[in-house]
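> Turn this into a structure:
(2 chains)
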Number of protein chains: 2
Amino acid sequence: MISVADNLRITIPAIARAVENKDPAPVQKLVAQCRDAGAHAIDINSGPLSRYPKDKMRFLVETVRAVTDLPLVLDTSNPDAMAAGLAYSGGTVIINGISLEPEKLSRILPLALSHDCDVIGYLLDADGHVPADTESRMEAAVALFGECQAAGLSPDRLIVDPVVAPLSWPDGNHQNIAILDVVRTLPDLLGFPVRTIAGLSNLTTGAPDNSYRRIHQQAFLPMLAAAGASMILMNALDPGLMTMARACEKIRNQSIFSWE
Amino acid sequence: MISVADNLRITIPAIARAVENKDPAPVQKLVAQCRDAGAHAIDINSGPLSRYPKDKMRFLVETVRAVTDLPLVLDTSNPDAMAAGLAYSGGTVIINGISLEPEKLSRILPLALSHDCDVIGYLLDADGHVPADTESRMEAAVALFGECQAAGLSPDRLIVDPVVAPLSWPDGNHQNIAILDVVRTLPDLLGFPVRTIAGLSNLTTGAPDNSYRRIHQQAFLPMLAAAGASMILMNALDPGLMTMARACEKIRNQSIFSWE
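This is a model prediction of the structure:
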C-alpha cells in the first residue's frame, strides 16, 4: 500500500505565498518532512492556478523534485498547469485526475496518453457529482475504463478513486461503507487487478477537532487496506497514521512495492 | 459492535491466587476497571479448573456479578465449571464455547440448550485444529450450525468465532485475511444475520513487545469491524483500542446495541 502525502497544498497560506514569491524554502521544508516521515509519493495540490499556471506549476515541480526522487502526483484541474507539470517534473509522475466530466476527458486524459503515465480517475458522474450508491459507482468505473480504452490509454494506467465521503454528511458513513465495497469488488467485476486510491483526509472534512480527525482516519485506514486499496492519499505528518499504514501492510503482507 | 473484555484470566498469577484463596478484591478491582473503561461484556477465562471446578466458578461469577450487571462470557472447557457458572451467574450469560470436538458437542452444547443462552462456536475441526483455508472454515461453520439444529438449539443462539491467527505464525497474515472473508461472507452464505466474534489478542501472541501488540491490534480491529464482526474479545484496558472500537462504530453507524 502506497502512502501519498497530501500535505503540500496551495490552500496553506505559507505555501500560497511561497508560490507567489517563487520562494522554494517553505515548499522544500514541507516535502522533506513528508519524505522523511516515510511517504512513498508526494501529491502537489496546486489548485487551478488561474494566473500564470504554467510558470507556477513549473516552479512547484522543480522545487519539489530538488529534494526528492519520489513519484509526484500532480493535483490540478487546469490542463495548462498539468501539461507544464508533466514537462518539468522528471521521474515518475501521476496525473490527478480525470472523471467523466467532459472537460477532464477532453483536456486531461490526452495528457496521460501523450506522457504515458498513470492517471487517477474519480468516480463522479458527468456533472462532477458524487454517485448515490455502489451501483452508480460501479457504472462510473466501467464508463471511465471505457473512456480510457477509447482514448487509447491502457486500462492499467487508470487508478480509481471512489471519493471518500465526509463523515459529517448525513449519509457519510453509508457512503463510505459503499466505497469499501467498491474498492473490494472492482477487481472481480472488471476481471483484472484494478488499482484504487482513497483520500483519507476527506473522511473528516468539517470535523470538530484534531483528535476526532486523527482517530477516525486511523480507524478507516485499515478498513481501506483490508478492502485492498493500492494507494492512500493521507497526512504523512501524522505519525500515528503512518505507523498504522505500516501495521496494515504487515497484516496484508504485501511485498515492498516498487514503481517498476 | 460489542467489546468483550478479555482481561480476567486465571493465567494472571494474582487472579489465580485470588481464586485459590477466595479473595474477591483482585477480581473485582480488575472487572470494575474493565466496566469503567466501557467494556460491554466480561469474559471470565477460568481455564479448565481441574480442582474444585464448581466451587471456584461459583466464586468467580458471584464475585464478578457483585460489581457489574454486564453480560458474562463463561470461558472454560470444563462442563462442570460451566454448569456451575450458568447456575450462579444471574443476568445475561454466554457460553464460551463449543466446536466440532465431540466432547464440546456432547457436554457443553446441551448446557446452551438447557439454559437457553448464546454460545460461541469456534471454527475448528473435530480434532480441535485450526482449518487451513476459507473453505474449510465455511464447512466447519455449516457443520456447527447443523449440530446446534440437531440438538434443538436455535441457530441464532450461535456466535461464530473464526479463530484469529497469531501474526507470528508463518502464514498468520494469510489466515487472518481468510478470517475477514469468513466474517464478511457467512451471513450471505447461510442466509441469515450470523453473529461473529473475534479474539483480537490472539493476533499478537508471541509479539516482541507491547508497542507491536498495540499497533497491530489497533490495525486489525477496524478490519474486523468493516467485515461486520458483531463482537470483539479484547483488552478493555488499552485506551487506544477502546477509542478505536468507538471510532469503528461511528463509521459503521450501528445503533447502540442492546441485549434483546
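
> And the residue in the stretch 51-200 of chain A that chain B sits nearest to, what's its pLDDT?
Residue of the stretch 51-200 of chain A nearest chain B, by CB to the nearest CB: residue A:173 (4.0 Å). Heads up, the C-betas are built off the backbone N, CA and C, glycines and all. pLDDT, residue A:173: 88.

> Then residue A:200?
Listed pLDDT for residue A:200 reads 97.

> which residues does it contact?
Shown in contact with residue A:200 (CB atoms under 8 Å, 6 or more residues apart in numbering or on different chains): A:6, A:164, A:217, A:220, A:221, A:224, A:232, A:233, A:234, A:235, A:241.

> Please report how far it lies from residue A:3.
9 Å (CB to CB, to the nearest Å).

> coming back round to it: between the contacts of residue A:200, which is nearest chain B?
Distances from chain B to the contacts of residue A:200, taken as CB to the nearest CB, are shortest for residue A:220 (5.9 Å).

> contacting residues for the closest one?
When contacts are counted by CB under 8 Å, 6+ apart, residue A:220 touches A:164, A:176, A:200, A:203, B:222, B:251.

> redo that, cut-off 10 Å
Contacts for residue A:220 (CB atoms under 10 Å, 6 or more residues apart in numbering or on different chains) come out as A:164, A:167, A:173, A:176, A:179-180, A:198, A:200, A:202-204, A:232, B:222, B:226, B:247-248, B:250-251.

> and if you look at residue A:174?
By CB under 10 Å, 6+ apart, the contact list for residue A:174 reads A:132, A:133, A:165, B:252, B:253.

> repeat that with 8 Å
Applying CB under 8 Å, 6+ apart, one finds that residue A:174 lies in contact with residue B:253.

> that older thread, find the helix or strand that the residue of the stretch 51-200 of chain A closest to chain B is a member of.
Using DSSP states H and E, the element containing residue A:173 is helix A:172-190.

> Next, the angle from that helix to helix B:172-190.
With axes from the mean of the first three to the mean of the last three CA atoms, to 10 degrees applied, the angle from helix A:172-190 to helix B:172-190 works out at 100 degrees.

> Flag every buried residue along helix A:172-190.
Residues of helix A:172-190 classed as buried: A:172-173, A:175-186 (neighbour count, 16 or more other CB atoms under 10 Å in any protein chain shown).

> which among the residues you listed gets closest to residue A:73?
Nearest to residue A:73 among the buried residues of helix A:172-190: residue A:183, at 18.3 Å, using CB to CB.

> Which pLDDT does the model give that closest one?
Confidence for residue A:183, expressed as pLDDT, is 97.

> Please enumerate the strands of chain A.
With DSSP state E as the criterion, chain A has strands at A:2-9, A:41-45, A:72-75, A:93-98, A:118-122, A:158-161, A:195-199, A:231-234.

> hang on, isn't residue A:195 packed against residue A:160?
Yes - using CB atoms under 8 Å, residue A:195 is in contact with residue A:160, at 7.0 Å.

> Mind checking which of those two has more residues around it?
When residue A:195 and residue A:160 are compared for neighbours, residue A:160 comes out ahead with 26 against 19, by other CB atoms under 10 Å in any protein chain shown.

> May I have the beta-bridge partners of the more buried one?
Beta bridges link residue A:160 to residue A:121, residue A:196, judged by DSSP bridges.

> Now do the same contact list for it.
A:120, A:121, A:123, A:141, A:144, A:182, A:186, A:194, A:195, A:196, A:197.

> Pick out whichever of those sits closest to residue A:102.
Taking CB to CB as the measure, residue A:102 sits nearest to residue A:144 out of the contacts of residue A:160, at 13.0 Å.

> per-residue confidence for that closest one?
So residue A:144 comes in at 97 (pLDDT).

> Ok, residue A:66 next?
Per-residue confidence at residue A:66 stands at 98 (pLDDT).

> Wait, it touches residue A:28, no?
Yes - applying CB under 8 Å, one finds residue A:66 in contact with residue A:28, separated by 6.7 Å.

> Settle it for me: which of the two has more neighbours?
Ranked by neighbour count (other CB under 10 Å), residue A:66 and residue A:28 place residue A:28 first, with 16 against 11.

> Can you tell me the closest non-neighbouring residue to that one?
Among residues not flanking residue A:28 along the chain, residue A:67 sits closest, at 4.8 Å (CB to CB, 6 or more residues apart in numbering or on different chains).

> Could you check how far the residue nearest to the spatial centre of chain A is from residue A:112?
Most central in chain A under CA atoms, centre = their mean is residue A:233, positioned 5.2 Å from the mean C-alpha point. Noted for residue A:233: a distance of 18 Å to residue A:112, by CB to CB.

> can you check residue A:167 too?
Residue A:167 sits 32 Å away from residue A:112, going by CB to CB.

> Residues of the stretch 101-250 of chain A that sit close to chain B?
Taking CB under 8 Å from any CB of the partner chain as the contact definition, the stretch 101-250 of chain A meets chain B at A:167, A:173-174, A:176-177, A:180, A:215-216, A:218-223, A:225-227, A:243-244, A:247-248, A:250.
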